[in-house]
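Enquirer: quick one: sequence plus predicted model below, questions after.
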Amino acid sequence: MEDVLASFILFFAVIDPIGTIPVYLAVTRAYDESTRRLIAVKAALYAFLVLLFFIVAGEPILDAIDIPVEAFQIAGGIVLFLFALTMIFGESKPEEEMRMVRNHTETAIFPLAVPSLASPGAMLAAVLLTKNDTYSIPEQAITVAIVFAVLMIALVLMLLAAFVHRIIGDAGAGIISRVMGMILSAVAVANVLIGIKAYFQLA
């Protein structure tokens with residue numbers, strides 16, 4: 001149960017459904033309500049498919065190019081840590097990705113589905129939490145279910161975006177994004193330590 005909760009917290013941090021709300025509002029501001037709902041559903045669906053691809057094919061791709069999963073875990077932990085630092089000290093997720101919306105085409109796929117929901121951190125987490133030599137098929141299925149659950153939360157928040165945004169505002173979303181960055185930084189350090197321990201077969 002604790003492992004499931006830890007995985008849920010990790011994916012909630014890297015997907016950051018709350019931080020996606022301002023991005024979604026910016027992307028859909030020119031559309032009517034029914035189109036907004038359709039964009040939200042499509043964004044969640046495409047994000048799930050992207051993460052599912054990394055869950056299914058991530059480790060075989062690493063094996064094909066002869067990279068140990070432990071090395072990927074260490075590298076992934078470092079990247080996650082740097083990603084977390086940008087969430088804490090740099091621009092918050094809403095600020096950064098809303099600028100991307102202004103500079104690029106406003107679609108459900110970019111930047112809403114990727115990289116807002118299916119973020120680089122989420123892709124790395126999907127690979128690390130479904131290693132075949134560590135996690136059984138049922139455990140990997142639970143990870144898929146966790147990803148789906150977090151994306152469903154993101155979908156609900158997007159559908160309720162206007163109401164939620166009135167409550168927390170851009171500042172509130174930025175604060176929550178930074179708190180998620182703190183949690184993610186701790187998870188990243190743990191990944192590096194676990195990877196080093198596994199690679200060097202330390203007791």
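Expert: Alright, I've got the coordinates.

Enquirer: what strand or helix carries residue 63?
Expert: helix 33-64 (DSSP states H and E).

Enquirer: show me what that helix is packed up against.
Expert: Contact here means 3 or more C-beta pairs under 8 Å, 6 or more residues apart in numbering; DSSP states H and E; on that basis helix 33-64 packs against helix 17-28, helix 69-89, helix 120-128, helix 137-159. For the C-beta atoms, the positions are set from N, CA and C on the backbone; glycine is no exception.

Enquirer: and it, what's its mean pLDDT?
Expert: Across helix 33-64, pLDDT averages out at 89.

Enquirer: could you check the angle helix 17-28 makes with that helix?
Expert: 120 degrees (axes from the mean of the first three to the mean of the last three C-alpha atoms, to 10 degrees).

Enquirer: quick one: residues contacting residue 39.
Expert: 24, 27-28, 31, 108, 112 (C-beta atoms under 8 Å, 6 or more residues apart in numbering).

Enquirer: secondary structure class for residue 134?
Expert: Taken by DSSP: H, G, I helix; E, B strand; the rest coil, the conformation at residue 134 corresponds to coil.

Enquirer: that one and residue 143, how far apart?
Expert: 11 Å (C-beta to C-beta, to the nearest Å).

Enquirer: out of the two, which sits in the more crowded spot?
Expert: Between residue 134 and residue 143, counting by other C-beta atoms under 10 Å, residue 143 is the more crowded of the two (24 against 14).

Enquirer: my read: the more buried one touches residue 55, true?
Expert: Yes - contact status for residue 143 versus residue 55: in contact at 6.7 Å, counting by C-beta atoms under 8 Å.

Enquirer: that older thread, show me how far the helix holding residue 63 is from its chain's centre.
Expert: Centroid separation for helix 33-64 versus its chain: 11 Å, with C-alpha atoms, centre = their mean, to the nearest Å.

Enquirer: what residues sit buried inside that helix?
Expert: 36, 39-40, 43-44, 46-48, 50-51, 54-55, 58-59, 62 (16 or more other C-beta atoms under 10 Å).

Enquirer: contact partners for the nearest residue to residue 123 once chain neighbours are set aside?
Expert: Using C-beta to C-beta, 6 or more residues apart in numbering and skipping residues adjacent in sequence, the residue nearest residue 123 is residue 54, 4.8 Å away. Residues in contact with residue 54 (C-beta under 8 Å, 6+ apart) are 123, 126-127.
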